[in-house]
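*Asks:* any chance you could fold what I've pasted below:
(one chain, ligands or ions: 2)
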Amino acid sequence: MPGNYREVYEQSISSPEEFWATAAEEIYWYKKYTTVLDDSNKPFYRWFDDGELNTCYNALDYHVENGCTEKTAVIYDSPVTGSVRKITYGELLKQVSKLAGALSNKGIVKGDRIIIYMPMIPEAVVTMLACARIGAIHSVVFGGFSPDELAVRIEDAQPKVIISASCGIEGEKTIEYHTFLNRAIELSHHKPECCIVFQREVLKANLMPDRDYDWDEVMKDAKPVGCIPVKSTDPLYILYTSGTTGKPKGVVRDNGGHAVVLKWSMKYIYGLEPGDVFWAASDIGWVVGHSYIVYGPLLHGCTTVLYEGKPVGTPDPGAFWRVVSQHQVKVFFTAPTAIRAIKREDTAGDYLKKYDVLCLKYLFLAGERLDPNTYHWISELLDIPVIDNWWQTETGWPIAANFPGIELLPIKAGSPTKSVPGYKVEILDENGKSLNSDEQGNIVIKLPLPPGTLVTLWQDDEKFKESYTDRFPGYYNTGDGGYIDGDGYIYVMGRVDDVINVAGHRLSTGAMEAVIANHPDVAECAVIGVADELKGQLPLGLVVLKSDIDNCHETIINDLIAMVRERIGAIASFKQVLIVNALPKTRSGKVLRGVMRSIADGQEYQVPSTVEDKTVLTDIENILKGYMAGRKENSKF
Ligand code: COA
Ligand code: AMP
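*Replies:* Ligands and ions are numbered 1, 2, ... in the order given. Model prediction:
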């Protein structure tokens, strides 16, 4: 690989098949593919179509067979339980093979779905890999989602088995996972054949006879099994993510392309060698957790840190630096919001000074826009390259980044640097016309996407096309807006649809609207994302009440907040509601959400010629401006 980004990038675009075939040599294939890229069924592309491999084999067995039995695979660091545990590749393989055996005994075969609803504990990693080992398709559901959201995913994925834990620990709070699980199964029409529950000391669950099995009991009797070869294009997992409607989208990831690019990215994007310690402070329920807590580091033979804690409060804003120092982390990955949380409590960096973090070579940030203020603060404090990288659940690995493993390009604050090899990023206007440098528009990627990106949506090819490829034929529509400057640096300014990003978590305003609209006193409503200095964005509900209501406004607002928390989850952070007289609309009745977003963000906007009633828009403008000014005044920064 030449040490020149430009050459590597150009090769990936001019000869993609050759480029990715070379990368695929780093993966062990039971049967080598004969075709690198099958494009016979556009817009569905298949990488390494007829190849056969096993992702778990590449992540574990391969390293053990090559002398790494005693090497640390996972460091579980849990300030919330006061424990640190190191798990070797040999030990992890033993656990995974046994759970895979137990699942096979319960009748799980290749292609069956297994939902994983677990906190950040090693058993979650064991479960993901055990599924991969026997070709079962896992679908991890983030713990911050409500039972209703879990139920929607159970209904869609139709799992034979659900694997969960008695509880999660969120700072001071204990989250009753098992109670949530019971409720979700009650709500779902589809019922799993059984559940396996890991009992945590903090809170034991009352297992349901005939349905639940205790993890320890299951493991005690289990016989280890080997890896099953699967096709490159067989699904490894489904990961649900928020779309513009209430129903989440089941992003399907295949085995072959995923293994190839994750291993490639560990070396060339993140600059790591086997044996290095890598830490992604995310959650296994998000794509970052899948790619860079579990699969990427293990495929590359690194040590991965599994951190069950927060950036602040577990116990203080020095928590991240303690972990980096204690485990000699070489590359660290987190979200800008986590850095802002630290900045808020330790602006002078006094907690950082308590630790020796010379081991740390790069800090990668992703999940939301890295605002220049946060970038400058953290890069000056750490005095190492701070690398913004832009990607999505759909792509599974970065679209834009900087490249310590190839060439570290000059950093421009506010930009995640340049296109990752394999991605041809362009900017189009609303009519699909290509825009010039510095002109803002829709960020799209020319098809085919590189390996490892989504292959479709679970059992919904039509929805895949409608969501991603119909709007701009020949391109994948990212849903993000932004521009590319004259030097080829990409600037991602935010979503152009009804998806918002709260503390690095992707949420659908449409889903929140659907919940609020059910309140008996609500006539109509809109939810928009408004800027927040800590979380990047927060949802704000604008609600028009029915004319004949008895309840006081405060009661209604509290009801609405509780409803969203119950139906979507605490993670929605839905805590702000404004009662308004009317919502601005076009003459055809479409609510002007985009205009309201622009007003709240203090951006220029054009009054559409089709606006129904300009006075309504003026009223909303005044309300939103007053509201945002109040928020600024109360800001803790
Ligand atoms: N299970 C259950 N509840 C959860 C949860 C989980 N896994 N994760 C978060 N929640 C709850 C929180 O406890 C909080 O509840 P509350 O309303 O009762 O306080 C709510 O969901 C909102 O959580 P969050 O947005 O995380 O806010 P916070 O105030 O608890 O923490 C940060 C703020 C910035 C510290 C935190 O958001 C953070 O660490 N963000 C980094 C995000 C990240 O890594 N994203 C991955 C993309 S790379
Ligand atoms: P998710 O699918 O949860 O990973 O969220 C993906 C969305 O997060 C993207 O579509 C962007 O809107 C946003 N995002 C992620 N990383 C970045 C980044 N580095 N810069 C700007 N936006 C980002």
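*Asks:* now stretch 198-211: how far from the chain's centre is it?
*Replies:* From the chain centre to the centre of stretch 198-211 is a distance of 28 Å (Cα atoms, centre = their mean, to the nearest Å).
*Asks:* how long is that stretch end to end?
*Replies:* Start-to-end span of stretch 198-211 (Cα to Cα, to the nearest Å) is 14 Å.
*Asks:* state the mean pLDDT of that stretch.
*Replies:* Averaged across stretch 198-211, the pLDDT comes to 97.
*Asks:* surely Leu272 meets Gly301?
*Replies:* No - assessed by Cβ atoms under 8 Å, Leu272 is found out of contact with Gly301, at 9.4 Å. No exception for glycine: its C-beta is placed from N, CA and C like everyone else's.
*Asks:* for the closest residue to Asp532 other than its chain neighbours, what are its contacts?
*Replies:* Excluding the flanking residues, the one nearest Asp532 by Cβ to Cβ, 6 or more residues apart in numbering is Leu538, at 4.3 Å. With contact taken as Cβ atoms under 8 Å, 6 or more residues apart in numbering, Leu538 is in contact with 502, 529-530, 532, 573, 575-576.
*Asks:* tally of neighbours for Ala222?
*Replies:* 19 (other Cβ atoms under 10 Å).
*Asks:* from memory it sits against Gly101, does it?
*Replies:* Yes - Ala222 is within contact range of Gly101, at 4.6 Å (criterion: Cβ under 8 Å).
*Asks:* quick check: closest non-adjacent residue to Pro43.
*Replies:* Thr469 (4.3 Å).
*Asks:* near ligand 2, which residues of this protein?
*Replies:* Within the chain, the positions lying close to ligand 2 (Cβ under 6 Å from any ligand atom) are 241, 287, 366-370, 388-393, 416, 478-480, 492, 495, 501, 506.
*Asks:* which of these are close to ligand 1?
*Replies:* Within the residues of the chain next to ligand 2, those near ligand 1 by Cβ under 6 Å from any ligand atom are 366-367.
*Asks:* and the residues of the chain next to ligand 2, which of them are in helices?
*Replies:* Val287 (DSSP state H).
*Asks:* now, of the residues of the chain next to ligand 2, which are buried?
*Replies:* Neighbour-count burial within the residues of the chain next to ligand 2 applies to 241, 287, 366-370, 388-393, 416, 478-480, 492, 495, 501, 506; the criterion is 16 or more other Cβ atoms under 10 Å.
*Asks:* what helix or strand is the closest residue to Ile134 other than its chain neighbours located in?
*Replies:* Spatial nearest neighbour of Ile134, chain neighbours left out: Ala100 (5.0 Å); criterion: Cβ to Cβ, 6+ apart. Assigned by DSSP states H and E, Ala100 falls within helix 89-105.
*Asks:* show me what that helix packs onto, helices and strands only.
*Replies:* helix 62-65, strand 72-78, helix 122-134, helix 215-221 (3 or more Cβ pairs under 8 Å, 6 or more residues apart in numbering; DSSP states H and E).
*Asks:* most tightly surrounded among those?
*Replies:* Most buried of these by mean neighbour count (mean count of other Cβ atoms under 10 Å) is helix 122-134; its value is a mean of 27.
*Asks:* ok, residues contacting whichever helix or strand comes after that one?
*Replies:* For helix 122-134, the following helix or strand on the C-terminal side (DSSP H and E) is strand 137-140. Contact with strand 137-140 is made by 111-118, 124, 127-128, 131-132, 153, 157, 159, 235-240, 250, 284-285, 289-290, as judged by Cβ under 8 Å, 6+ apart.
*Asks:* direction included, what does the following helix or strand past the helix holding Ala100 pair against?
*Replies:* Heading C-terminal from helix 89-105, the first helix or strand you meet, by DSSP H and E, is strand 113-117. Note on strand 113-117: by DSSP bridges, its sheet partners are strand 137-140 (parallel), strand 161-165 (parallel).
*Asks:* average pLDDT for the helix or strand just after the longest one?
*Replies:* Using DSSP H and E, the helix or strand that directly follows strand 161-165 along the chain is strand 168-170. When pLDDT is averaged along strand 168-170, the result is 95.
*Asks:* what residues does the protein have near ligand 1?
*Replies:* So the chain meets ligand 1 at 143-144, 168, 170, 175, 281-283, 286, 288, 310-312, 334-335, 337-338, 341, 366-367, 503-504, 570-571, 573 (Cβ under 6 Å from any ligand atom).
*Asks:* out of these, list just those in helices.
*Replies:* If you go by DSSP H, these have 288, 337-338, 341 in helices.
*Asks:* next one, pLDDT for the residue nearest to Pro43 please.
*Replies:* pLDDT, Thr469: 98.
*Asks:* show me what contacts it?
*Replies:* With Cβ under 8 Å, 6+ apart, Thr469 has these contacts: 43, 447, 475-477.
*Asks:* can you name the farthest residue from the center of this structure?
*Replies:* Residue farthest from the centre of the chain, counting by Cα atoms, centre = their mean, is Asp548 at 42.8 Å.
*Asks:* and that residue, that one's in a helix?
*Replies:* No - counting by DSSP: H, G, I helix; E, B strand; the rest coil, one finds Asp548 to be coil, located in no helix.
*Asks:* how about it, phi and psi?
*Replies:* Backbone torsions for Asp548, taken as degrees, to the nearest 10, come to phi -110, psi 40.
*Asks:* nearest residue to the residue in the stretch 51-200 of the chain that ligand 2 sits nearest to in space, please, no chain neighbours.
*Replies:* Residue nearest to ligand 2 within the stretch 51-200 of the chain: Phe142 (10.2 Å; Cβ to the nearest ligand atom). Spatially, and ignoring its direct neighbours in sequence, Phe142 is nearest to Gly285 (2.8 Å; Cβ to Cβ, 6+ apart).
*Asks:* per-residue pLDDT, the one you found?
*Replies:* So, for Gly285, pLDDT stands at 96.
*Asks:* so what's it up against?
*Replies:* 140-145.
*Asks:* so, low pLDDT: which residues of this protein?
*Replies:* 1-2, 635-637 (pLDDT under 70).
*Asks:* how's it carved up into domains?
*Replies:* The record's domain split for the chain, according to automatic domain parsing, is 5-309+389-469, 504-634.
*Asks:* quick check: the residue nearest to Phe142 vs Lys546, distance?
*Replies:* Gly285 sits 37 Å away from Lys546, going by Cβ to Cβ, to the nearest Å.
*Asks:* on that earlier part again, can you redo the domains of the chain as a markdown table with distance to Leu382?
*Replies:* Compiled in a markdown table, those are given as follows (distance: least, Cβ to Cβ, whole Å):
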| stretch | distance to Leu382 |
| --- | --- |
| domain 5-309+389-469 | 13 |
| domain 504-634 | 19 |
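*Asks:* winner for burial among those domains?
*Replies:* domain 5-309+389-469 (a mean of 20).
*Asks:* how far does it stretch from start to finish?
*Replies:* Taking Cα to Cα, the first and last residues of domain 5-309+389-469 lie 28 Å apart.
*Asks:* remind me, longest helix of this protein?
*Replies:* helix 614-634.
*Asks:* for it, packing partners?
*Replies:* By 3+ Cβ pairs under 8 Å, 6+ apart, helix 614-634 packs against strand 522-532, helix 593-600.
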